[in-house]
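Visitor: Dropping the sequence and predicted coords here.
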Amino acid sequence: MYVVPPPNRSDPLSGSTNGSDGLRVYQTWKGSNVCMVNLPWDVTTEILSMLPVKSLMRFKCVSKSFHDLISNDPIFIKNHLYHHRRRQSSMKILVSECTVPGESASSCSISSITPGDDTTHELELPFGDGSSDFSYGCIHNSCDGLFCIELFTCDDVMIWNPSTRQLKTLPACQLPREKGSPCVGSVRYSLAHDSRSGRYKLLGMCGDLHRFRPCLYSSEMEKWRYVDNLSFDHVRGYVRYSCDPKIVNGAFHWLASPNVPFRKASVVVSLDVSNETYGTLELPQALKDSTKYGLNLCALKGKLCVLCVSKSEHRRDLWVMNEYGVTDSMTRMFSISCVELPEDFYWPLYMLEDDTFVIYRGGLKGGPTSFYKDGRYLCDTSAGKSYEFTVSFVYLESLIPPTMII
């Protein structure tokens with residue numbers, strides 16, 4: 001038995017004049033094909049929602065009804081996202097060189113980078129051909145398959161879905177610095193799903209070495225707005241350039257240093273995506289020792305994590321908040337010796353279903369992807385080609401259009 005799409009009714013050569021646009025099921029019996037049934041449309045859409053994006057992109061040209069369903073039907077797109085969020089096979093790793101024109105990115109499936117399998121493919125970036133204003137850019141975090149790309153040569157950012165190749169250009173966050181603040185500035189971007197509206201919000205952490213001021217983009221007004229119901233003392237301090245705000249429990253999160261500028265982070269600030277209210281999460285006392293640890297936030301399996309680099313003890317620890325908002329629930333999940341992992345930079349990308357960690361190893365020379373389980377090194381595999389300076393992300397293949405920014 002096998003399933004095929006319906007004939008294209010816009011094509012006079014299809015030979016079909018009536019009937020449903022649903023899939024047709026055939027059964028092979030002793031070398032002959034027998035048409036069994038035209039599946040109802042609701043059954044057809046449910047089957048299609050189980051398929052990967054790559055297959056659906058091919059099916060768009062089968063018929064107008066298929067094209068409209070896959071491209072424009074919000075219920076189908078939401079249903080497809082629901083099914084594939086739970087599948088490890090739908091997760092991809094994207095590796096790209098920062099800011100260099102003329103370079104492409106590489107992408108591979110999380111499930112294909114198991115030891116001994118280095119299946120990758122080139123992924124064309126929506127910038128970097130050197131022939132336009134979109135020549136230099138930096139990729140920020142992803143949410144449900146959407147990336148935010150900061151363009152350095154013009155005052156824009158892009159919302160990009162690499163699976164469908166769709167993109168939308170927005171004005172960059174360019175809020176003025178305060179008088180007398182240091183001249184060095186940067187913007188950190190982060191995307192998150194708003195469960196109340198069903199759409200997505202884009203956060204910009206705009207500022208300099210003195211303080212960062214959170215702002216959200218408004219597609220209705222086509223401009224950025226401050227989220228100012230928080231004392232500046234709670235967002236004062238340096239937000240690590242390598243870290244975009246992390247999304248856990250329906251909120252943005254970033255590290256901050258209350259009251260004392262330029263001191264190492266000692267508190268996690270949260271901003272609820274839906275109601276835009278702030279909160280703070282205290283770190284365990286063991287992690288507040290600013291002379292001992294360098295801290296970064298990450299999110300794994302929906303839990304907030306803190307990556308700690310202990311310079312004095314020459315190790316890297318991953319702490320996990322097992323119960324959101326409860327400081328005492330934060331425990332150390334594993335430690336890796338700096339002797340085993342000596343690169344300048346590494347980052348937990350993903351946790352596989354068997355609790356194996358996928359860790360990207362970087363530094364000034366992009367390295368391989370490593371596998372660790374129970375704190376033990378397992379092996380390396382190359383998730384894409386090596387670059388001089390890389391960014392790496394795990395993302396979900398989805399049909400979400402960039403126009404879903406609220």
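Guide: Looks like it came in fine. Residues are numbered from 1 along each chain as shown.

Visitor: Enumerate every residue touching N249.
Guide: Shown in contact with N249 (CB atoms under 8 Å, 6 or more residues apart in numbering): 302, 304, 324-325. (C-beta placed from N, C-alpha, C; glycine too.)

Visitor: Now with 6 Å, please.
Guide: Y324 (CB atoms under 6 Å, 6 or more residues apart in numbering).

Visitor: ok, which stretches of the protein are helices?
Guide: For the chain, the helices defined by DSSP state H occupy 41-49, 53-59, 64-72, 74-85.

Visitor: quick one: which of the ones you listed is nearest H140?
Guide: With CB to CB, the closest approach to H140 among the helices of the chain belongs to helix 74-85: 20.3 Å.

Visitor: any idea how far C215 is from A172?
Guide: Noted for A172: a distance of 11 Å to C215, by CB to CB, to the nearest Å.

Visitor: Over to Y226?
Guide: 5 Å.

Visitor: quick one, which of these two is more surrounded?
Guide: Neighbours per residue (other CB atoms under 10 Å) separate Y226 from C215, with C215 holding more: 21 against 11.

Visitor: in the sheet, who's paired with that one?
Guide: G204, Y226 (DSSP bridges).

Visitor: Let me see the contact set for it.
Guide: Residues in contact with C215, defined by CB under 6 Å, 6+ apart, are 173, 204, 206, 224, 226.

Visitor: on that earlier part again, would you turn the helices of the chain into a markdown table with mean neighbour count?
Guide: Output for the helices of the chain, formatted as a markdown table (neighbours: other CB atoms under 10 Å):
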| stretch | mean neighbour count |
| --- | --- |
| helix 41-49 | 16 |
| helix 53-59 | 15 |
| helix 64-72 | 17 |
| helix 74-85 | 16 |
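
Visitor: Make TSV out of the ones you listed and add distance to N275 and mean pLDDT.
Guide: Listed next are those as TSV, based on distance: least, CB to CB, whole Å; pLDDT from 0 to 100:
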stretch	distance to N275	mean pLDDT
helix 41-49	31	94
helix 53-59	32	95
helix 64-72	30	95
helix 74-85	22	96
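
Visitor: Could you dump the ones you listed into a markdown table and include distance to A256?
Guide: Listed next are the helices of the chain as a markdown table, based on distance: least, CB to CB, whole Å:
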| stretch | distance to A256 |
| --- | --- |
| helix 41-49 | 41 |
| helix 53-59 | 37 |
| helix 64-72 | 41 |
| helix 74-85 | 30 |
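
Visitor: Out of those, which gets nearest to P245?
Guide: Of all those, helix 74-85 sits nearest to P245, with 20.5 Å by CB to CB.

Visitor: tell me the angle of the closest one relative to helix 41-49?
Guide: Using axes from the mean of the first three to the mean of the last three CA atoms, to 10 degrees, the inter-axis angle of helix 74-85 relative to helix 41-49 is 40 degrees.

Visitor: circling back to that earlier point, in terms of model confidence, name the weakest of the contacts of C215.
Guide: When those are compared by pLDDT, C206 scores lowest at 77.

Visitor: Thanks again, I'm all set now.
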